[in-house]
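Undergrad: Please find the sequence and the predicted model below.
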Amino acid sequence: MSIRPLLLLVSFTILGCDKPSDPSLVAVSGTITLNDQPLVNAAVTFIPKDGTPGFGGVGKTDVSGKYTIAGSRTNEKGIPPGEYRVVISKRLMPDGTEIPADDKTPPMMSPAKESLPDSTSSMTSTKQTANVPVGGGTFDFTLVHKKK
């Protein structure tokens, strides 16, 4: 076999390996409220606990507080079943306004600060958990936070 057909075969094999969505991934969604109001533009992160495969997933709440978790890889439409710690983060500018949509400042360099307590927004201190079953599920979180 000459090198040219071999290169073509390897190229088609690589290009043809665009893996479809993993059938072991399940859909996860829900609604988050804060003080009985939808929590808008909050980041929602599902972090796998020991024994849960994968890297977890992330989502963002919309104007009605609804979110859908996407996997950590591009185009993943869910996460593996298992137990997760759930981190909910809502960063605001120092004056209490939303971070501008066109702001490309990396979070570490941004003047925005976390507006939720560590028990909700910290990877190590969060109290929220979710046990995602094989069929996926809806996980709503009702937060109460008194501002200082």
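TA: That came through fine.
Undergrad: and the end-to-end length of stretch 127-136?
TA: Counting by C-alpha to C-alpha, to the nearest Å, you get 21 Å between the two ends of stretch 127-136.
Undergrad: hmm, who's touching that stretch?
TA: Residues outside stretch 127-136 that contact it (C-beta atoms under 8 Å, 6 or more residues apart in numbering) are 26-28, 46, 49, 78-88, 119-120, 137, 139, 141. Bear in mind the C-beta positions are built from the backbone N, C-alpha and C, glycine included.
Undergrad: ditto for stretch 108-124
TA: 34, 42, 45, 47, 85, 87-94, 99, 103, 125-128, 143, 145.
Undergrad: Give the buried residues for that stretch.
TA: For stretch 108-124, a neighbour-count test (16 or more other C-beta atoms under 10 Å) marks 112, 115-116, 120-121 as buried.
Undergrad: Find the residue closest to the residue sitting nearest the centre point of the chain in space, skipping its chain neighbours.
TA: Against the mean C-alpha coordinate of the chain, by C-alpha atoms, centre = their mean, the closest residue is residue 58 at 0.7 Å. Leaving out its chain neighbours, the residue that sits closest to residue 58 by C-beta to C-beta, 6 or more residues apart in numbering is residue 45, at 5.1 Å.
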